[in-house]
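Trainee: here's my sequence, what's the structure:
(2 chains)
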Amino acid sequence: MFLNIFINRLKCTVRDKELVFWTLIFPLVLATFFNLAFSGISKAEVFNAVDIAVIDNEQYQRDNDFKNFIEQHSKDDPAGENDVKLFNVKVVSQKEADKMLDNNEIVGYVTYGEPLRLTVKDSGFDQTIVKEIFDQYSQTVSSVVSIVKQNPSALQNGLAEDIGKSREFTREVRIGTKGKPDTTVNYFYTLIAMSCFYGAFFGLKEVTDIQANLTKRAARLNVAPVHKLKALSAGLLAGIMVSFAEILLLLCYLIFGLKIDFGNQTGFIILTSFAGCAAGISFGALIGSANKKGEGVKVAILIVSTMSASFLAGMMFDKMKYIVQQNVPVLSYINPIALITDAFYSLYYYDTHTRFFVNIGLLSGFTVLFCLATYLRIRRQKYDSI
Amino acid sequence: MIVSVKNLVKRYGELVALDHLSFDVKEGEIFGLLGPNGSGKTTAINCILSLLYYDKGEINLFDRPMAPDAYDIKRDIGIIMQDVAVFEELTVYENIDYFCSLYVRDREKRRKLVEEAIDFVGLNDYRKFHPKKLSGGLLRRLNIACGIAHKPRLIILDEPTVAVDPQSRNNILDGIKKLNEDGATVIYTSHYMEEVEQLCSRIMIMDKGRVIAKGSKEELKGMIKLGEKITVEVFGLGSSSLSELKKLPNISIVEYKDKTLSLKYNRGKHNLTTLLDFFRENDISFGRVYSELPTLNDVFLEITGKELRD
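Mentor: Coordinates of the predicted model:
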């Protein structure tokens, strides 16, 4: 009998188009939008080499140092330290350079001489970069000339090489060396967490279909020779299966479709997803059993609570997670969506699993609590009114 | 007894929904619960099914006390509710199979029962349809199939014909008779007296949670003074003739309005013959003549002073 109820509940859940839309299609669409939005941000952060021209005059041809400087910054990884290429340089005549500038093919051109002259048409980010770099070059050349004038032996002591190198006096050390810092990945974590919690709709559906005071279908079930908890368990199991399968589909889409990096701990990622689904469904069951309000009201409660919890976990504003942790830390521990998000986060960033298991432990605790409260609400078998 | 209810009291706060309700249902009968909306019929059914708490009373089904976990008793009950109670996501076949599976575990046996139920309600052409594609009448039939597929000994139908077209209603009533002929005991609640009169072997009339009267339709009609109603189309009737009419044997009420003469008689014989003789003797010309025996509505009207349809 358990199997029959389970199979039928599975059919009912999978065929509920509205439910499948909100729990599967909506997160997939949202993930796609997130990806489009964040890939724009990433592109904006990438430095593109600036198109410039150098006037091909006698002075330029004579100064090998300047020619080397231009060549160095016109090729990928000039210093062999993952540096970026700064310029796309074309050496052209004055006339051609003017024409290119007019046609916006270059942001400016450099006329080598004393002093070095930069000609630009507009002011802007690229123009400022070009100016700063050539200013630095001129300043360096000027410094070398001054030093050599006072101390000619400095050249033999490696002054030119020394002054040409930029040095870092501080070193970056990462806590947990697993993932590259990426602020956008947290949005995807909260999206998965939200989707897990949308499983609450499955929980709500199951309880609605078992409480005789809520639907006539449930009344019919209550008249049948079936233990109510057996029917509820079969229903909730079906709900968890469908919700979990949907989350796995979402994960596959994120990992293989959108190439979001979740680290390489697949087992723990799946465990987090399952714990999230279980917490979501039990939460929905609790809301479903908590009062006699109509299904519409309960759905509204679920949406508002899920979206609020997602907001506090950082889905709409990634700094919110840290604001909550700093100002109301307890909220991070009682917000299941924040716990799911943080479980993914700790898997990605930390070498140890302590923080991960704290999150999973708390999530499981909430699941047990929600189930217990639901049981206490629905265990009665008669009603005051129907 | 299949059903035995004694002194059942159910209150909703100050409102007494069932006021010391007592009745029995014998095996093999179609027992009608007749009463206006809000008279307590559905509340009584829900108490019998152990869905509702009640304040006082005793309910036995199949001579055993009914309780929410009395699964042996529940196994022999089929319920058809006023509202259609099926799953939108399941097809006709799957719905019947699902509800049947709550009673019958054996898959092969269940398959036969489901086929019989589909056949019984005439949904063979719609077995793969989802409920939202069915008309109101077909939905009602599906609702019935879901309640009777497991062949229960006791079938409770709570106003199954509300908002159903006449053709579907007749199909449903014929189906209930057939179920009864096949051995099921039926409790049928309705506020349509014609249905109850047509269908039920014993009737209990309820109002405000109380039993007004119970018995066979003949017994119920025998409880009231009204014996016959005669309506005559009369083209001209003077006040002296009206006064003379009131002196006829068994007459209780005489009304003349818009060329229609309405007469109500207490029990007695040859009322129509006497009336026609009176018309002939007094040279009163008349048109159509109707004679009616009392209905359950008349029973309800005489006992409560209000129409059953109110």
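
Trainee: element containing residue 219?
Mentor: In the absence of a named chain, this looks at chain A. Under the criterion DSSP states H and E, the helix or strand holding A:Ala219 is helix A:216-223.

Trainee: try again with chain B
Mentor: Assigned by DSSP H and E, B:Glu219 belongs to helix B:217-222.

Trainee: show me what the helix holding A:Ala219 is packed up against.
Mentor: Contacts of helix A:216-223 with other secondary structure elements, assessed using 3 or more Cβ pairs under 8 Å, 6 or more residues apart in numbering or on different chains; DSSP states H and E, are made with helix A:228-252, strand B:77-80. Glycine gets a C-beta too; all of them are placed from N, C-alpha and C.

Trainee: now the angle from the longest one to helix A:216-223?
Mentor: Same thing as helix A:228-252. For the pair helix A:228-252 and helix A:216-223, the angle between their directions (axes from the mean of the first three to the mean of the last three Cα atoms, to 10 degrees) equals 130 degrees.

Trainee: tell me how far helix A:228-252 is from the chain's mean position?
Mentor: When C-alpha coordinates are averaged (Cα atoms, centre = their mean, to the nearest Å), helix A:228-252 and its chain have centres 26 Å apart.

Trainee: pLDDT (mean, whole number) over the helix or strand sitting right after it along the chain?
Mentor: For helix A:228-252, the succeeding helix or strand toward the C-terminus, using DSSP H and E, is helix A:266-290. Predicted confidence along helix A:266-290 averages 92 (mean pLDDT).

Trainee: so which bits of helix A:266-290 are buried?
Mentor: Neighbour-count burial for helix A:266-290, with 16 or more other Cβ atoms under 10 Å in any protein chain shown as criterion, is recorded at A:268-269, A:271-289.

Trainee: any buried residues in the helix holding B:Glu219, and which?
Mentor: B:Lys217, B:Leu220, B:Lys221.

Trainee: note down every partner strand of the helix or strand that it is followed by and its orientation.
Mentor: Using DSSP H and E, the helix or strand that follows helix B:217-222 towards the C-terminus is strand B:226-234. With DSSP bridges as the test, strand B:226-234 is paired with strand B:260-266 (antiparallel), strand B:286-292 (antiparallel).

Trainee: hmm, back to that, ok, and what's touching the helix holding A:Ala219?
Mentor: Residues lying outside helix A:216-223 but in contact with it, judged by Cβ atoms under 8 Å, 6 or more residues apart in numbering or on different chains, are A:208-212, A:228, A:231, A:381, A:386, B:49, B:51, B:68, B:74, B:77, B:79, B:81, B:83-87, B:99, B:102, B:146-147.

Trainee: just put the helices and strands packed on helix A:216-223 in TSV and tack on mean pLDDT.
Mentor: Listed next are the helices and strands packed on helix A:216-223 as TSV, based on pLDDT from 0 to 100:
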stretch	mean pLDDT
helix A:228-252	93
strand B:77-80	95
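
Trainee: format the ones you listed as JSON lines; extra columns: distance to A:Gln127 and mean neighbour count.
Mentor: Conversion of these to JSON lines gives the following (distance: least, Cβ to Cβ, whole Å; neighbours: other Cβ atoms under 10 Å in any protein chain shown):
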{"stretch": "helix A:228-252", "distance to A:Gln127": "45", "mean neighbour count": "20"}
{"stretch": "strand B:77-80", "distance to A:Gln127": "82", "mean neighbour count": "26"}
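
Trainee: out of these, which gets nearest to B:Asp125?
Mentor: strand B:77-80 (21.5 Å; Cβ to Cβ).

Trainee: may I have that closest one as CSV, with CA atoms only?
Mentor: What follows is the C-alpha trace of strand B:77-80 in CSV, where atoms were taken according to Å, rounded to 0.1, in the frame of the first residue of the first chain:
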residue,chain,number,x,y,z
ILE,B,77,-17.3,1.7,3.6
GLY,B,78,-17.5,3.7,0.4
ILE,B,79,-18.0,7.4,0.5
ILE,B,80,-19.1,9.7,-2.3
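
Trainee: ok, it near chain A or not?
Mentor: Yes: Strand B:77-80 lies within reach of chain A by Cβ under 8 Å from any Cβ of the partner chain, at B:Ile77, B:Ile79.

Trainee: partner strands of that strand, parallel or antiparallel?
Mentor: Take DSSP bridges as the rule and strand B:77-80 pairs in its sheet with strand B:154-158 (parallel).

Trainee: name the surrounding residues that touch the strand it pairs with.
Mentor: Residues contacting strand B:154-158 (Cβ under 8 Å, 6+ apart): B:2-3, B:25, B:41-42, B:45, B:48-49, B:61-62, B:76-82, B:144, B:147-148, B:176, B:179, B:184-189.

Trainee: next structured bit after that strand?
Mentor: The first helix or strand that comes after strand B:154-158 along the chain, using DSSP H and E, is helix B:166-181.

Trainee: residues making contact with that next one?
Mentor: Helix B:166-181 is touched from outside by B:28-30, B:120-122, B:136-138, B:140-141, B:144, B:148, B:155, B:157, B:160-161, B:164, B:186, B:188, B:195, B:198-199, with contacts defined as Cβ under 8 Å, 6+ apart.
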